[in-house]
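S.K.: Pasting the sequence and the predicted model now:
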Amino acid sequence: MATGSSSEVRNVMESSRDDVFHLQNLNNLGMMLVSVPLNGRNYLAWRRSMVIALCAKDKMGFITGKVKKPSEDSPLFEKWKRADCMVIFWFLGAISKDLVDSFLYASSAKDLWNELEQQFGVSNRPLLYHVKHEISSLTQGNMSLMAYYTKLKKLWDELGCLKPMPVCTCEGCVCGAAKAIAEIDQDDKLIQFFMGLGDHYNHVRNQILLMDPLPEANKAYSLALHVEKQREIHVSENDTSENVAMAVKGGFNKKDVGSSKLRKGEKKDDRFCTYCNKSGHMMDACFKLHEYPDWFQELKQKKFNKVQAHVAIQD
């Protein structure tokens, strides 16, 4: 039984190792793993995209060192070399033409990855300064709320990659440090979000700052976005009212009000005015909006006189 179990485990390990070396038909030399190549200024976003792509293809072990290079006399050496060369080629294809020549002679995918990390990665303190400076100086300006928050969140993610928050090492974090660190980080992000927000969000900003406990930045963004949606609807309604008023002022003839004929197959009861909320007419023929026409007043007076005459006859 023990011999059989050991054999099964060995077979599973060998099968798993072969899967790492396996290259699918879609893994060809012309494949692009990222949409935007590395240009020296977009390393963090580019790095994240490459890691996701390599994880999806089960090739992360080639850059982390988990998949070791076999000895040259090993039967697995050619499989490893073939897969490693494919990973190198993917990297070279994802680097801009201005930079690719300096990485062309890397001996392995892991060496190439280490060179990229040293040149553009977490050891690059000017990049850390650049990200922090962008966060501190970012304001909404003419950007929409969605564009402003998206850009700010991207900078937060880049900062978290460059300088991760400290992690509590006690088992289960009985000291409460992990929770305290997370709360401090969330409060800092909320304040950063509010500092760059436009002045027309002062009301919602003041309301949120009075909450206890303070919400996370993404929740505050959701509340502010709701206010922006309401403001857009209000502006749209005002624009519509102004356009109608301009049309009336510019040449609307009171005699033409209500004189529009019904369309073929249309009934009077099918029409509804969104201004006075009554059926039988549309907003463009609404007397309450465009003033009552002369003929309507004359007709109303005739009806009144007719009723008065009928009452007088009965008396």
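M.R.: That came through, no problem. Note that the structure is a prediction, hence the values are computed from the model and not measured.

S.K.: what's the closest non-adjacent residue to residue 61?
M.R.: Computed as C-beta to C-beta, 6 or more residues apart in numbering, the closest residue to residue 61 that is not its neighbour in sequence is residue 67, at 3.5 Å. Yep, even glycine has a C-beta here, placed from its N, CA and C like the rest.

S.K.: got the contact list for that neighbour?
M.R.: By C-beta atoms under 8 Å, 6 or more residues apart in numbering, residue 67 lies in contact with 20, 61, 80.

S.K.: which residue ranges form the strands in the protein?
M.R.: 272-273, 278-279 (DSSP state E).

S.K.: State the number of residues packed around the residue nearest to residue 44 when sequence neighbours are not counted.
M.R.: Leaving aside its chain neighbours, residue 44 sits nearest to residue 158 (4.4 Å; criterion: C-beta to C-beta, 6+ apart). Counted with other C-beta atoms under 10 Å, residues neighbouring residue 158 total 23.

S.K.: Now for residue 158: which residues touch it?
M.R.: Residue 158 is in contact with 44-45, 131, counting by C-beta under 8 Å, 6+ apart.

S.K.: Can you give me the pLDDT of it?
M.R.: Among the per-residue scores, residue 158 shows a pLDDT of 86.

S.K.: ok, how many other residues are close to the residue nearest to residue 175 when sequence neighbours are not counted?
M.R.: Distances taken as C-beta to C-beta, 6+ apart place residue 168 nearest to residue 175, at 6.5 Å, with adjacent residues excluded. Counted with other C-beta under 10 Å, residues neighbouring residue 168 total 15.

S.K.: now residue 223
M.R.: Neighbour number of residue 223 under other C-beta under 10 Å is 15.

S.K.: who touches it in this structure?
M.R.: If you count contacts by C-beta under 8 Å, 6+ apart, residue 223 has them with 204, 208, 215.

S.K.: Which of those residues are buried? Put it as a ChimeraX command.
M.R.: Buried subset of those, written as a ChimeraX selection, criterion 16 or more other C-beta atoms under 10 Å:
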select :204,208
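
S.K.: Could I get the contacts of residue 223 in a markdown table, plus columns for distance to residue 226 and pLDDT?
M.R.: Shown next, in a markdown table, are the contacts of residue 223 (distance: C-beta to C-beta, whole Å; pLDDT from 0 to 100):
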| residue | distance to residue 226 | pLDDT |
| --- | --- | --- |
| 204 | 8 | 87 |
| 208 | 12 | 89 |
| 215 | 13 | 90 |
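
S.K.: quick one: the closest residue to residue 93 other than its chain neighbours from residue 142, how far?
M.R.: Using C-beta to C-beta, 6+ apart and skipping the chain neighbours, the partner closest in space to residue 93 is residue 32 (6.1 Å). According to C-beta to C-beta, to the nearest Å, residue 32 stands 34 Å off from residue 142.

S.K.: more crowded one of the two?
M.R.: Between residue 32 and residue 142, counting by other C-beta under 10 Å, residue 32 is the more crowded of the two (11 against 8).

S.K.: Test my guess that the more buried one contacts residue 94.
M.R.: Yes. In this structure, residue 32 is within contact of residue 94 by C-beta atoms under 8 Å, at 6.9 Å.

S.K.: And stretch 100-108, what's buried?
M.R.: Here stretch 100-108 shows 103, 106, 108 as buried, counting by 16+ other C-beta under 10 Å.

S.K.: I figured the last one hits residue 84, correct?
M.R.: This points to residue 108. Yes. Taking contacts as C-beta under 8 Å, residue 108 lies within contact range of residue 84: 5.8 Å.

S.K.: what sits in contact with each of those two?
M.R.: Counting by C-beta under 8 Å, 6+ apart, the common neighbours of residue 108 and residue 84 are 62, 69.

S.K.: Turn the buried residues of stretch 100-108 into a markdown table, including pLDDT.
M.R.: A markdown table is the format used below for those (pLDDT from 0 to 100):
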| residue | pLDDT |
| --- | --- |
| 103 | 92 |
| 106 | 91 |
| 108 | 93 |
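
S.K.: Out of those residues, which comes closest to residue 194?
M.R.: Proximity to residue 194 was ranked across the buried residues of stretch 100-108 by C-beta to C-beta; first place goes to residue 103, at 42.3 Å.

S.K.: List the contacts of the closest one.
M.R.: Taking C-beta under 8 Å, 6+ apart, we find residue 103 in contact with 91-92, 95, 112, 115-116.

S.K.: List buried residues within the residues you listed.
M.R.: Buried residues within these, defined by neighbour count using 16+ other C-beta under 10 Å: 91-92, 95, 112, 116.

S.K.: and those residues, which two are the farthest apart?
M.R.: So, the buried ones among the contacts of residue 103 by C-beta to C-beta: farthest apart are 92 and 116, at 11.2 Å.

S.K.: can you give me the helices for the stretch 151-300 of the chain?
M.R.: With DSSP state H, counting those that start in this stretch as the criterion, the stretch 151-300 of the chain has helices at 177-195, 202-209, 217-251, 287-290, 294-314.
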